[in-house]
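Peer 1: next one to model:
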Amino acid sequence: MSSSSFAFIPRKVAKKSATSLKVNAISEDSPRPSSSQPPKGKQPAQEPESDPTRLSAEECVILVSLAFSEYALWSDVDLRKKLTPVEFSSRVIALPNAPLSSSLAVTRDPTHSNPPQPWFNRTGAASNTQSAGGGYEVRLKSWDPNSSNLSSKSEWDKRTIYVENVPIHYRSVAALVQFVLALLPSKESLSSSPARVQHVFLPPHHRDKPGDVPIFKGFSLITFSDEADPKHFVEAWPWQPREDSPSKSSANNDETTSDAVKYGFRTTSKSNWEALRAEYLVYRQQLVQEINDHQDASALTRVHQKEPSSHEGQTSSSAKPSKQPKEDEDVSTTNNSAITFDSPYPYGCLVFVKNIHPETNKTTLKTLFGKALSQSDAAVNGGIDYVDFNKGMDTCYLRLSTPDCAHYLASYYNDHQTVEANGLDDTGTPHSPDSSQKPISIEIVPGTREEVYWQKVPEKIRRSAVEKAVQLQGGAGGAPPTKTPLEDSRPKKRRKR
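Peer 2: Take a look at the predicted model:
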């Protein structure tokens, strides 16, 4: 046979090869069936996993009711400006093709000048006229426009109470409303209506920043739509529990009432809560003031130690020395100890500064205190080595080169009443008697506190501070430490490029 005979390919074989190639290509590109598909046959149905953060239908109804309540409309100034009463709208705005709403008509906001869009009224007719009102109106179904006459803060305050010791399983806004509605007496068609609760306010913590969402910690302010509901709570759950209170003998809501009694649930009016809160703030301010006065007095006692006169010195030498407090012994030990090269840390070179501006920084503080040291002779033999300051604090530590710098800086700021007007005030502002800001106070840290502080400083920095203090004081601390032969023979590390 010739070579040309081998070029012939049967038609059936060619079709099979093309088909097989096509099928293989499709099978490679097509996704494989996953093994997670349920097998054939009857299998038990898997229940969907419950999401703890998902709200129930009842909780959604409560939150929507609070968002569309009359209190929410009254408290939102921007929303009130966009709403006008029906009688006023019928006299001012002509609506020839659209029936006037039975509650409120939303006026066009001039700040949002969008082109008019066609809308459809109830009859199905479209309207493109600019005088016709458009859009949808969303409101509560049970809302009565004729009863919306609460327009002053005092009227809402009469309907507001403060609740405390809420059971732990009701500590969310929606759950709290459910708990309150369960404790309320039933009314006609309002036994469980969320509209009876108009607003829930969670008092923020005094350290919370503006814009932070407050955390519910078992107490809140609740505003009701009817004035009889807060009166019921104040009588049934008084601030000072009584044995004859209605909550003790209530036959309804057994489970909810038992939870409230178990956790010590109690209520009071908003006016009484404001009075108690003002009394607490005054008491807290008095405690803070007493603590600050005690600390200031102790700091002045440590800095301004009276020197005994010659007569007192003769009397004290003949008499037996009395037992002094341990802190005074530490101060005298620190003052009398000379700094040598063998000292564990530089004695008397650490000061504690109070009443600085919380928004200041290390550079500003070093410049501020450095200017005070530049006015003395002590600055020639030293200065500020380090400013130990954390952002947001009104106190700091200063590590000074010599004890003379520390004593001069403490006496200077005790004689010159100075404050930081702002965070970048590096010159200091004279303290005014009428100012509520306290002047800067500097205290020399005594022995035990000083030792504890320097133990947290690395050894290399401590040795450097000791050597610097000895050299600035005239080198009277003995010979500097010499390197051992082992340290000299130690190979130096090569510098990485």
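Peer 1: show me where the chain has strands.
Peer 2: Along the chain, the stretches classed as strands by DSSP state E are 83-84, 105-106, 119-120, 126-127, 160-164, 197-201, 220-224, 266-269, 350-354, 384-388, 395-400, 418-419, 429-430, 441-444.
Peer 1: then the fifth one to PDB, C-alphas only?
Peer 2: Extracted as PDB, the C-alpha positions of strand 160-164 are listed here (Å, rounded to 0.1, in the frame of the first residue of the first chain):
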ATOM      1  CA  THR A 160     -41.500  60.200  82.100                       C
ATOM      2  CA  ILE A 161     -40.300  57.900  84.900                       C
ATOM      3  CA  TYR A 162     -36.900  56.500  85.900                       C
ATOM      4  CA  VAL A 163     -36.600  52.700  86.200                       C
ATOM      5  CA  GLU A 164     -33.800  50.800  87.900                       C
END
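Peer 1: now it: mean pLDDT?
Peer 2: Averaging pLDDT along strand 160-164 yields 94.
Peer 1: what does the second one give?
Peer 2: Confidence for strand 105-106, expressed as mean pLDDT, is 41.
Peer 1: show me the shaky parts of this structure.
Peer 2: In the predicted model, the chain carries pLDDT under 70 at residues 1-53, 79-151, 187-192, 243-253, 296, 298-337, 377-381, 475-497.
Peer 1: how is the protein partitioned into domains?
Peer 2: 58-96+138-287, 326-472 (automatic domain parsing).
Peer 1: could I get the strands of the chain as TSV with distance to residue 182 and mean neighbour count?
Peer 2: Every C-beta, even on glycine, is put in place using the N, C-alpha and C of the backbone. Compiled in TSV, those are given as follows (distance: least, Cβ to Cβ, whole Å; neighbours: other Cβ atoms under 10 Å):
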stretch	distance to residue 182	mean neighbour count
strand 83-84	33	15
strand 105-106	36	18
strand 119-120	42	12
strand 126-127	47	14
strand 160-164	13	22
strand 197-201	12	21
strand 220-224	13	21
strand 266-269	15	20
strand 350-354	52	22
strand 384-388	56	18
strand 395-400	50	20
strand 418-419	55	18
strand 429-430	59	13
strand 441-444	56	22
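Peer 1: now distance to residue 366 too, for those, in CSV please.
Peer 2: Output for those, formatted as CSV (distance: least, Cβ to Cβ, whole Å):
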stretch, distance to residue 366
strand 83-84, 58
strand 105-106, 60
strand 119-120, 68
strand 126-127, 73
strand 160-164, 49
strand 197-201, 46
strand 220-224, 47
strand 266-269, 52
strand 350-354, 12
strand 384-388, 5
strand 395-400, 9
strand 418-419, 15
strand 429-430, 18
strand 441-444, 14
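Peer 1: residue 468: which of those strands is closest?
Peer 2: strand 384-388 (7.4 Å; Cβ to Cβ).
Peer 1: next, the angle from that closest one to strand 350-354.
Peer 2: With axes from the mean of the first three to the mean of the last three Cα atoms, to 10 degrees as the basis, strand 384-388 and strand 350-354 are set at 50 degrees to each other.
Peer 1: so what strands line up beside strand 384-388?
Peer 2: Sheet pairing of strand 384-388 (DSSP bridges) gives strand 395-400 (antiparallel).
Peer 1: contacts for the partner strand next, please.
Peer 2: Defining contact as Cβ atoms under 8 Å, 6 or more residues apart in numbering, one finds that strand 395-400 is touched by 349-356, 365, 369, 382-390, 406, 409, 442, 445, 453, 465.
Peer 1: out of the strands of the chain, which comes closest to residue 65?
Peer 2: strand 197-201 (7.7 Å).
Peer 1: that closest one vs strand 220-224, what angle?
Peer 2: Using the same axes, to 10 degrees: strand 197-201 against strand 220-224 is 160 degrees.
Peer 1: so what are the sheet partners of strand 197-201 and their directions?
Peer 2: strand 220-224 (antiparallel).
Peer 1: which residues does the partner strand contact?
Peer 2: 71, 156, 159-163, 166, 176, 180, 196-203, 230, 270, 273.
Peer 1: which helices and strands does the helix ranked longest in the chain pack with?
Peer 2: Secondary structure of the chain per DSSP state H: the longest helix is helix 270-303. Counting contacts by 3 or more Cβ pairs under 8 Å, 6 or more residues apart in numbering; DSSP states H and E, helix 270-303 is packed against strand 160-164, helix 403-415, strand 441-444.
Peer 1: and of these, who's closest to residue 237?
Peer 2: Closest among those, once you apply Cβ to Cβ, is strand 160-164, at 8.0 Å.
Peer 1: and that closest one with strand 220-224, angle?
Peer 2: 140 degrees.
Peer 1: helices or strands next to strand 160-164 in the packing?
Peer 2: strand 220-224, helix 228-236, strand 266-269, helix 270-303.
Peer 1: that one relative to helix 228-236, how many degrees between them?
Peer 2: Going by the same axes, to 10 degrees, strand 160-164 makes 40 degrees with helix 228-236.
Peer 1: can you dump the C-alpha coordinates of stretch 415-429 into CSV?
Peer 2: Extracted C-alpha coordinates of stretch 415-429, given in CSV (Å, rounded to 0.1, in the frame of the first residue of the first chain):
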residue,chain,number,x,y,z
ASP,A,415,6.1,80.3,94.4
HIS,A,416,4.8,81.1,90.8
GLN,A,417,1.2,80.0,90.3
THR,A,418,1.2,78.9,86.6
VAL,A,419,-1.3,77.0,84.4
GLU,A,420,-1.3,75.7,80.9
ALA,A,421,-3.9,77.6,79.0
ASN,A,422,-4.0,75.0,76.2
GLY,A,423,-2.2,71.9,75.1
LEU,A,424,0.4,73.9,73.2
ASP,A,425,1.2,76.5,75.9
ASP,A,426,4.9,76.2,76.3
THR,A,427,5.4,79.5,78.2
GLY,A,428,2.8,79.2,81.0
THR,A,429,0.0,81.5,82.0
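Peer 1: got a list of contacts for it?
Peer 2: 355-361, 363-364, 367-368, 371-372, 430-431, 435, 437-440.
Peer 1: list the buried ones in that stretch?
Peer 2: 417-420, 425-426, 428 (16 or more other Cβ atoms under 10 Å).
Peer 1: would you check how far apart residue 74 and residue 225 are?
Peer 2: 12 Å (Cβ to Cβ, to the nearest Å).
Peer 1: looks like residue 406 contacts residue 351 (just checking).
Peer 2: Yes. If you go by Cβ atoms under 8 Å, residue 406 and residue 351 touch, sitting 5.1 Å apart.
Peer 1: between the two, which contacts overlap?
Peer 2: Common neighbours of residue 406 and residue 351 (Cβ under 8 Å, 6+ apart) are 398, 400, 444.
Peer 1: now these as TSV including distance to residue 282?
Peer 2: Shown next, in TSV, are the shared contacts of residue 406 and residue 351 (distance: Cβ to Cβ, whole Å):
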residue	distance to residue 282
398	35
400	40
444	35
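Peer 1: residue 211: which of those residues is nearest?
Peer 2: residue 398 (35.7 Å).
Peer 1: what's opposite that closest one in the beta bridge?
Peer 2: Under the criterion used (DSSP bridges), residue 398 bridges to residue 351, residue 387.
Peer 1: cool, thanks, signing off.
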